[in-house]
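A.B. asks: return a 3D structure for these sequence lines:
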Amino acid sequence: MTTYRLFYKENETVEFELPEGWDLLNYVNPEPMEITRSIDEMVLAALAEPVGISPLEKTLKPGNTVAIAIDDWTRPTPVRHLLPALLKRLDEIGIKREDVTLIVALGSHLPMPEEALRERIGAEIFAAYRVVQHDCRADDLVSIGTLSSGGPVGLNKVFHDADYRISIGSIIPHPMNGFGGGPKIVMPGLVAYETIREHHTVYTIQEGAYPGNTETNPFYKEVTRVAGLANLNMILGALYTNQEKVFDVVAGHYYEAHQEGIRRCIGNFKVKMDEYADVTVLSAYPYTEGPQIMKPIGPAAMCTRRGGAVIILATTRAPMPEPMLHAFDVVREMGSDHPDQVLLDTFKKRSLVLNEAPIDFNMALFFTEVYKARYDLTIVSKEIKREEAERMGFAFADSIEEAIEKVKKKFPKAKVNVFPIGGMVLPDMGEPPRLYD
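C.D. replies: Numbering: from 1, shown residues only. Sure, this is the predicted structure:
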């Protein structure tokens, strides 16, 4: 029998076989790509020929202040490897270290522990530069305008006050924005809680807000618009193979360079599929943080028939956040037979179930309830406890084999997809997904 594998952690995979009666439709097995340049070399090349803007040396001068927004540990961005070449270039231009501030673009995420931050940035850079973490509820956020839906946009003051503003992130598939990185580091990464709340509740449920789509995506359009209001001068975006290896870096205008990055990497993720599966088995990798592990369920839902099953292998670097689990308890206690519709209606009112909790807790709750209403969901994990999985409404299994055995009782015969790295797959079914019907 054929053996298949799923990525569990960076250097750990899980192997399994499909049972009799289960026929493979798609095995999106990551293929290695030869990478001949270092990330330093990629960054320097990108900075030398930025897309849509002038190079740094033609824009900056000694005495200018620079704010560099970086994403947090919920993303795979190799920040510690991207920063050195950029900071060296700023130094060559004459920008002093004390005039550079690194801002962790948390959005509404919880702050990173200092040791984790030091590891992400690199000990030498962490010691040599000012590093701050964004607070979406800070008193000194600067008003820079309004969302198209009417709500105010408050921006991080340090970022706002800098003479030049740069964002660093990963251009990878995103469930609502189409692709992450670029302008998304600013919106939601550096704005006010209420800005994120209104944006996410209004635009998540609009037609076109799905993975891989930026052309007709109102969620992405508004993110890009806010980046313009914030005067984001340059993005630096890591581009990935479908094995989650950086193969290039793009720099430049927050929209033009982001689009160029998408154009260059989308072929690594997009998979043409002619038929919906009965069962999709996937890994949540590269997502390893509580609420984020729900994201790869989206691509699985895009290519699995309604009423089908999704088995997701997931790990977390820390215990599942109790406030997020509590959100599932709150929904369950509402007693509704259709919690997905309750949450859809809540979003339509521009509200959240947990109004003071991180937005990503609410988003994880929203998408999980939507998917649960349409698919049988089973989570497999060593780190996530059975009780935690069941509080979220998942079936739970200790192994892929156990999960398959349970699902096979309902689906003795099935057409199956297998995604070894679920967060790096964009199913193309030839039609837009309709997740909320």
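
A.B. asks: would you confirm that L6 contacts P296?
C.D. replies: No - checked against C-beta atoms under 8 Å, the pair L6 and P296 is beyond contact range at 11.0 Å. Every residue, glycine included, has its C-beta placed from N, CA and C.

A.B. asks: next, the closest residue to F269 other than its chain neighbours: phi, psi?
C.D. replies: Of all residues not flanking F269 in the chain, L426 sits nearest, at 4.4 Å (C-beta to C-beta, 6 or more residues apart in numbering). In terms of degrees, to the nearest 10, the main-chain angles of L426 are phi -120, psi 100.

A.B. asks: from F7, how far off is L426?
C.D. replies: Distance, L426 to F7, using C-beta to C-beta, to the nearest Å: 17 Å.

A.B. asks: go on, D278?
C.D. replies: Distance of D278 to F7, computed by C-beta to C-beta: 23 Å.

A.B. asks: with R374 instead?
C.D. replies: With C-beta to C-beta as the criterion, R374 and F7 are 25 Å apart.

A.B. asks: those two: who's more crowded?
C.D. replies: Under the criterion of other C-beta atoms under 10 Å, the comparison of R374 against F7 puts F7 first, with 25 against 19.

A.B. asks: tell me which element the more buried one falls in.
C.D. replies: If you go by DSSP states H and E, F7 is part of strand 3-9.

A.B. asks: so what strands line up beside that strand?
C.D. replies: In its sheet, strand 3-9 lies beside strand 12-17 (antiparallel), with partners assigned from DSSP bridges.

A.B. asks: after the strand it pairs with, heading C-terminal, what element do we hit next?
C.D. replies: Going down the chain from strand 12-17, the next helix or strand is strand 22-27, by DSSP H and E.

A.B. asks: for that following strand, packing partners?
C.D. replies: Helices and strands touching strand 22-27, as assessed by 3 or more C-beta pairs under 8 Å, 6 or more residues apart in numbering; DSSP states H and E, comprise strand 277-283, strand 414-419.

A.B. asks: what are the contacting residues of the shortest one?
C.D. replies: Okay, so that is strand 414-419. Under the criterion C-beta atoms under 8 Å, 6 or more residues apart in numbering, residues 4, 6, 18, 21-28, 273, 275, 277-283, 296, 299-300, 303-304, 309, 408, 425 lie in contact with strand 414-419.

A.B. asks: which of these are buried? Put it as a ChimeraX command.
C.D. replies: Below is the selection syntax for ChimeraX that covers the buried ones among the contacts of strand 414-419, with 16 or more other C-beta atoms under 10 Å defining burial:
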select :4,6,18,22,25,26,28,273,277,278,279,280,281,282,283,296,299,300,303,304,309,408,425
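
A.B. asks: name the SS class of the spatially closest residue to I103 that is not a sequence neighbour, please.
C.D. replies: What sits nearest to I103 in space, not counting adjacent residues and going by C-beta to C-beta, 6+ apart, is A69, at 4.8 Å. Three-state assignment for A69 (DSSP: H, G, I helix; E, B strand; the rest coil): strand.

A.B. asks: what's the burial count for A69?
C.D. replies: Taking other C-beta under 10 Å as the neighbour definition, A69 ends up with a count of 26.

A.B. asks: surely it touches L106?
C.D. replies: No - between A69 and L106 there is no contact, the gap being 10.1 Å when judged by C-beta under 8 Å.

A.B. asks: got any residues that touch both of these two?
C.D. replies: The overlap between the contact sets of A69 and L106 (C-beta under 8 Å, 6+ apart) consists of G189.

A.B. asks: which residue ranges of the stretch 301-437 of the chain form strands?
C.D. replies: 304-313, 376-380, 395-397, 414-419, 426-428 (DSSP state E, counting those that start in this stretch).

A.B. asks: look at the closest residue to P433 other than its chain neighbours and report its pLDDT.
C.D. replies: With C-beta to C-beta, 6+ apart as the criterion, P433 has its nearest non-adjacent residue at 4.5 Å, and that residue is M302. Each residue has a pLDDT score; the one for M302 is 94.

A.B. asks: list the contacts of M302.
C.D. replies: By C-beta under 8 Å, 6+ apart, the contact set of M302 is 210-211, 427, 429, 433, 435.

A.B. asks: and the angle for the strand holding F7 with strand 414-419?
C.D. replies: With axes from the mean of the first three to the mean of the last three C-alpha atoms, to 10 degrees defining the directions, strand 3-9 sits at 40 degrees from strand 414-419.

A.B. asks: relative to strand 376-380, how tilted is strand 3-9?
C.D. replies: Relative orientation of strand 3-9 with respect to strand 376-380: 70 degrees, computed using the same axes, to 10 degrees.

A.B. asks: follow-up on the earlier one: pick out the lowest-pLDDT one from the contacts of M302.
C.D. replies: The pLDDT minimum for the contacts of M302 sits at L435, where the score is 79.

A.B. asks: buried sites along stretch 309-322?
C.D. replies: 309-316, 320-321.

A.B. asks: going along the chain, name the strands of the stretch 151-300 of the chain.
C.D. replies: Counting by DSSP E, counting those that start in this stretch, the strands of the stretch 151-300 of the chain are 152-155, 164-170, 173-174, 178-179, 234-240, 246-252, 270-272, 277-283.

A.B. asks: need these in JSON lines with distance to G228, can you?
C.D. replies: Formatted as JSON lines, the entries for the strands of the stretch 151-300 of the chain read as follows, by distance: least, C-beta to C-beta, whole Å:
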{"stretch": "strand 152-155", "distance to G228": "11"}
{"stretch": "strand 164-170", "distance to G228": "12"}
{"stretch": "strand 173-174", "distance to G228": "19"}
{"stretch": "strand 178-179", "distance to G228": "17"}
{"stretch": "strand 234-240", "distance to G228": "12"}
{"stretch": "strand 246-252", "distance to G228": "14"}
{"stretch": "strand 270-272", "distance to G228": "28"}
{"stretch": "strand 277-283", "distance to G228": "35"}
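
A.B. asks: as TSV, those with mean pLDDT and distance to P111 would be great.
C.D. replies: Supplementary listing: the strands of the stretch 151-300 of the chain in TSV, determined by pLDDT from 0 to 100; distance: least, C-beta to C-beta, whole Å:
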stretch	mean pLDDT	distance to P111
strand 152-155	98	18
strand 164-170	98	18
strand 173-174	93	22
strand 178-179	96	26
strand 234-240	98	23
strand 246-252	97	26
strand 270-272	95	35
strand 277-283	98	28
